[in-house]
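Visitor: Dropping a prediction and its sequence here:
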Amino acid sequence: MLFYHLIVLDASGSMTCIRQNALSGCNETIQSIVSLQKKANGEHQHFLSLVTFNSDEVTHIIYDKMPIEQVKELTLENYVPTGCTPLYDSLGLSMNTLNSTMDKTQQHSVLVTVITDGLENASKLFSAEQIRRQVEEYKQSGWTFAFIGANIDEVTEAGKLGIQNSLRFEQNEKGTAKMFARYAASLGKHCAAEVEAACGNVAPEEVNARRQHRFFNFH
């Protein structure tokens, strides 16, 4: 089974205060996926796409469907927050690029995660409604979406985009570390559930519930 992880990370100026924490959290996430790869014993392959965004560079692609064992940890040079927040444009372009280039001939699972600390304020290509329609279309193909936000009403902002899985974090060192730890735990449970679903051991309605609104609250 192929696992595609797409992380769309805010790199606007307001993220400067947690730059190092965000960097550390992303590296911890990379290591969590590496651990999942090792546990798979060759049965599954995990790929990472990591995109940062700001008004200077709407989609700064750090990794594009890279096999997780080839991914190197991020450095401060990879992540330099500045400018405004074109969230919709970055998410729309990143999703469409992944959809058009991923291998669909094998069983696969797609997880799209948005991490931001502010409201959309700079997109020119996509509106919230256009992103919502895209998200709904991709959910019909079995994609899972998670929205992680600080300093905003993350439930409302995620809902505008058709995303039910949402998580709030405090924009400080402790809050950012706690958020990434919870994300890593949820990620592991999610991947295990996707394998179980692929084996046909879970009812379709349960699979859909896990994907759409229980990513952060697995039973």
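Guide: Everything's here; your move.

Visitor: what stretches of the chain score poorly on pLDDT?
Guide: In the predicted model, the chain carries pLDDT under 70 at residues 218-219.

Visitor: now the strands for it?
Guide: 2-10, 45-53, 60-67, 108-116, 144-149, 166-168 (DSSP state E).

Visitor: neighbours around C26, how many?
Guide: 22 (other CB atoms under 10 Å). Any C-beta I mention is one placed from the backbone N, CA and C, and that applies to glycine too.

Visitor: Contact partners for the nearest residue to it once chain neighbours are set aside?
Guide: Among residues not flanking C26 along the chain, L74 sits closest, at 5.5 Å (CB to CB, 6 or more residues apart in numbering). By CB atoms under 8 Å, 6 or more residues apart in numbering, L74 lies in contact with 23, 26-27, 30, 50, 62.

Visitor: Reformat these as CSV; add distance to E136.
Guide: Converted to CSV, the contacts of L74 look like this (distance: CB to CB, whole Å):
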residue, distance to E136
L23, 32
C26, 28
N27, 32
I30, 29
L50, 24
I62, 27
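
Visitor: What subset of those residues is buried?
Guide: 23, 26-27, 30, 50, 62 (16 or more other CB atoms under 10 Å).

Visitor: circling back to that earlier point, distance to L91 added to the strands of the chain, as a markdown table?
Guide: Below are these laid out as a markdown table (distance: least, CB to CB, whole Å):
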| stretch | distance to L91 |
| --- | --- |
| strand 2-10 | 5 |
| strand 45-53 | 8 |
| strand 60-67 | 13 |
| strand 108-116 | 6 |
| strand 144-149 | 9 |
| strand 166-168 | 14 |
